[in-house]
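Colleague: Using only what follows, build the 3D model:
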Amino acid sequence: MGLKKATTFKSIQLTDAYYRVVLPQIDTSKTTMSFSVWVFSSEAGAMDQENALGELAEFYSGVPYAIAGENPFSQAYAYLKTLLDFAGAVNVFEAGQPS
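Modeller: You can find the predicted model right below:
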């Protein structure tokens with residue numbers, strides 16, 4: 001899964017930027033998590049992490065996590081969509097993933 005939206009990244013206009021959550025880590029309290037987000041110029045380029053334009057954010061930490069909730073990736077994407085920077089982002093499901 002990923003998120004897609006138009007954005008400007010390092011002065012480059014991207015009409016279909018693709019954002020991917022990387023390595024979510026659940027804190028020992030099991031109530032928060034941390035993760036990075038990588039940005040790609042397109043969904044097609046996101047299949048190989050060597051195509052990443054760079055990390056969008058240094059590191060998201062202290063993000064609420066519900067152990068009884070969906071998997072950490074789904075919770076990370078849901079959290080991102082609450083942020084102004086990801087307003088209007090569209091969920092993109094990769095082959096074999098439920099929508």
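Colleague: Not counting the longest strand seen in the chain itself, show me its contacts.
Modeller: For the chain, the strand reaching the highest residue count under DSSP state E is reported as strand 12-26. Defining contact as Cβ atoms under 8 Å, 6 or more residues apart in numbering, one finds that strand 12-26 is touched by 1-9, 32-43, 45-46, 49, 53, 56, 65, 67, 72-73, 75-77, 80, 86, 89, 92. To be clear about C-beta, it is placed using only N, CA and C from the backbone, and glycine gets the same treatment.
Colleague: Against the centre of this structure, work out the most remote residue.
Modeller: Ranked by distance from the centre of the chain (Cα atoms, centre = their mean), the top residue is residue 29, with 22.5 Å.
Colleague: Residue 62 versus that one, what's the distance?
Modeller: With distances defined as Cβ to Cβ, to the nearest Å, the gap from residue 29 to residue 62 amounts to 10 Å.
Colleague: ok, back up a step: okay, buried residues for the longest strand of the chain please.
Modeller: 14, 17, 18, 19, 20, 21, 24 (16 or more other Cβ atoms under 10 Å).
Colleague: what about this structure, any weak spots by pLDDT?
Modeller: Counting by pLDDT under 70, the chain contains low-confidence residues at 42-58, 94-99.
Colleague: Which positions are bridged to residue 26 in the beta structure?
Modeller: Applying DSSP bridges to residue 26 yields these beta-bridge partners: residue 33.
Colleague: Just the helices from the protein, written as ranges.
Modeller: 72-80 (DSSP state H).
Colleague: Show me the strands in it, by range?
Modeller: In order along the chain, the chain carries the following strands (DSSP E): 2-9, 12-26, 32-40, 54-55, 60-64, 90-92.
Colleague: From the contact counts, what lies against the first one?
Modeller: This means strand 2-9. Secondary-structure packing of strand 2-9 (3 or more Cβ pairs under 8 Å, 6 or more residues apart in numbering; DSSP states H and E): strand 12-26, helix 72-80, strand 90-92.
Colleague: Return the alpha-carbon coordinates of that strand using CSV.
Modeller: Taking C-alpha atoms only, strand 2-9 is exported to CSV below (Å, rounded to 0.1, in the frame of the first residue of the first chain):
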residue,chain,number,x,y,z
GLY,A,2,1.0,3.6,-0.4
LEU,A,3,-0.4,7.1,-0.8
LYS,A,4,-0.5,9.1,-4.0
LYS,A,5,-0.8,12.9,-4.4
ALA,A,6,0.7,15.8,-6.2
THR,A,7,3.5,17.5,-4.4
THR,A,8,6.7,19.5,-4.7
PHE,A,9,9.7,17.6,-3.4
